[in-house]
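Got a predicted structure plus its sequence, pasted below:
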Amino acid sequence: MRHLLLSTALLLAAGPALANKIFVSNEKGNTVTVIDSESWEVLTEFDAGNRPRGITISPDGTHLYVCASDDNLVRVFDTETYEELPSLPSGPDPELFVLHPSGNPLYIANEDDNLVTVTDVETRQVLAEVPVGVEPEGMGISPNAAFVVNTSETTNMAHFISTDDYQIKHNILVDQRPRYAQYTDDGTRLFVSSEIGGTVSVMDIAEDGTPTLATKISFEVPGVLPEWLQPVGVKVTKDGSRIFVALGPANRVAVIDGESLEVLDYILVGQRVWQLAFTPDEKYLLTTNGNSNDITVIDVAGEKALRSIPVGQQPWGVVVSPN
């Protein structure tokens, strides 16, 4: 009997990991769709305010934060019950945000007011408002949390804001309409996508956080007009070996070698691919496809699309619950 119990315990310990929840913000549907990462079935869909776009989750997986852009606030939900919790002040027209690795505070881009708002998620108080360039959009944070990066769409700059004093320490000019900023896990590089410029700017990051523009990555797909190649979402594997870039109306995700920075392939996905998210094990990459109202599941190792899952109207952002 003892051997049977031990064998059963070992089998349970070696069993598959619990499924994660995938949360997708639907910009025109005003909802969030919830998907099971094991069965790939839609679990539910709930109201998320007016024009939900940016979406993220607390490190402990208990709270979901959603930029309700037309409500001028960040809505907060319980990830188990989907109950709405007290909202957070965000400044006008919040679009994208990034959470401090500790889970507090939240750094929010206010597109209409040319500000980055810093909000304490526990006290629900605004800690600072940082003036930046025109039409701030993308938000990124260095792995050591020393700098927050904001991209301004009209000024065409990446602004490096110190998290100590909320002052801009560096400004780097990039191509037209920058949309997203993504550090590598080791903090030595930063990638900034430029939607209209059609490029991804690659910056080398010194030990003190100082950025230097190193090169720019451009894209070319046979049969696709150059003006359709519009880089938006960017994700980098933990080991830095692959960079994935959503190319908007080109309906492709570019696969880039992390060392040579050469484009290796293009993965065909849904229509107007916008944002990206890995599952925690990086086995899958998820894309939001705004015009086909679905998400695509990509096999990261095989670098190929596996399936599409219908969601709400005009999916915009995606986040996966942590293990």
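Received it, and whenever you're ready, just let me know what you need.

Report pLDDT for residue 5.
Note for residue 5: predicted pLDDT of 39.

and what of residue 323?
pLDDT for residue 323: 89.

what number of residues lie near it?
When counting by other CB atoms under 10 Å, one arrives at 10 neighbours for residue 323. For every residue, glycine as well, the C-beta is placed using N, CA and C.

how far away is it from residue 79?
Separation of residue 323 from residue 79 (CB to CB, to the nearest Å): 13 Å.

my guess is residue 247 contacts residue 219, does it?
Yes. The criterion here is CB atoms under 8 Å, and residue 247 meets it with residue 219 at 6.4 Å.

which residues are in contact with both of those two?
Shared contacts of residue 247 and residue 219, defined by CB atoms under 8 Å, 6 or more residues apart in numbering, are found at 229, 231, 254, 266.

Let me know how buried the last one is, in neighbour terms.
The number of residues packed around residue 266, counting by other CB under 10 Å, is 21.

Am I right that it sits in a helix?
No. Per DSSP: H, G, I helix; E, B strand; the rest coil, residue 266 lies outside any helix segment and is strand.

which residues of the stretch 201-323 of the chain fall in helices?
Counting by DSSP state H, counting those that start in this stretch, the stretch 201-323 of the chain has no helices to list.

coming back round to it: can you say which two of the shared contacts of residue 247 and residue 219 are spatially most distant?
Across the shared contacts of residue 247 and residue 219, no pair lies farther apart than 231 and 266, at 12.1 Å, counting by CB to CB.

Now the common contact residues for the two.
Common contacts of residue 231 and residue 266 (CB under 8 Å, 6+ apart): 219, 247, 254.

right, and the first one touches residue 230 too?
If I follow you right, that is residue 219. No. Using CB under 8 Å, residue 219 makes no contact with residue 230, being 9.3 Å away.

if I look at those two, which residues touch both of them?
198, 247, 250.

Turn those residues into JSON lines, columns for distance to residue 38, neighbour count and pLDDT.
Supplementary listing: the shared contacts of residue 219 and residue 230 in JSON lines, determined by distance: CB to CB, whole Å; neighbours: other CB atoms under 10 Å; pLDDT from 0 to 100:
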{"residue": "198", "distance to residue 38": "37", "neighbour count": "24", "pLDDT": "98"}
{"residue": "247", "distance to residue 38": "29", "neighbour count": "27", "pLDDT": "98"}
{"residue": "250", "distance to residue 38": "30", "neighbour count": "25", "pLDDT": "98"}
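
What is the nearest of the residues you listed to residue 316?
For the shared contacts of residue 219 and residue 230, the minimum distance to residue 316 (CB to CB) is 15.9 Å, reached by residue 247.

what's the nearest residue to that closest one if we skip its chain neighbours?
residue 229 (5.4 Å; CB to CB, 6 or more residues apart in numbering).

Could you report the pLDDT at that neighbour?
pLDDT, residue 229: 98.

Surely residue 70 is in a helix?
Yes. Residue 70 sits within a helix when classified using three-state DSSP.

For residue 112, give me the pLDDT.
Reported pLDDT for residue 112: 87.

ok, it touching residue 92?
Yes. Because the distance of 4.7 Å satisfies CB under 8 Å, residue 112 is recorded as touching residue 92.

and residue 195, how far is that from residue 219?
Counting by CB to CB, the separation of residue 195 from residue 219 is 12 Å.

The stretch 1-150 of the chain: strands as residue ranges?
In the stretch 1-150 of the chain, the strands defined using DSSP state E, counting those that start in this stretch lie at 21-26, 31-36, 42-47, 52-57, 63-68, 73-78, 84-89, 94-99, 106-110, 115-120, 125-131, 136-141, 147-152.

same thing with the stretch 151-300 of the chain?
157-162, 168-173, 178-183, 189-194, 199-205, 211-218, 234-236, 242-246, 252-257, 263-268, 273-278, 284-289, 294-299.

JSON lines for those, including distance to residue 308?
Below are the strands of the stretch 151-300 of the chain laid out as JSON lines (distance: least, CB to CB, whole Å):
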{"stretch": "strand 157-162", "distance to residue 308": "33"}
{"stretch": "strand 168-173", "distance to residue 308": "36"}
{"stretch": "strand 178-183", "distance to residue 308": "22"}
{"stretch": "strand 189-194", "distance to residue 308": "23"}
{"stretch": "strand 199-205", "distance to residue 308": "25"}
{"stretch": "strand 211-218", "distance to residue 308": "26"}
{"stretch": "strand 234-236", "distance to residue 308": "18"}
{"stretch": "strand 242-246", "distance to residue 308": "15"}
{"stretch": "strand 252-257", "distance to residue 308": "13"}
{"stretch": "strand 263-268", "distance to residue 308": "11"}
{"stretch": "strand 273-278", "distance to residue 308": "11"}
{"stretch": "strand 284-289", "distance to residue 308": "8"}
{"stretch": "strand 294-299", "distance to residue 308": "5"}
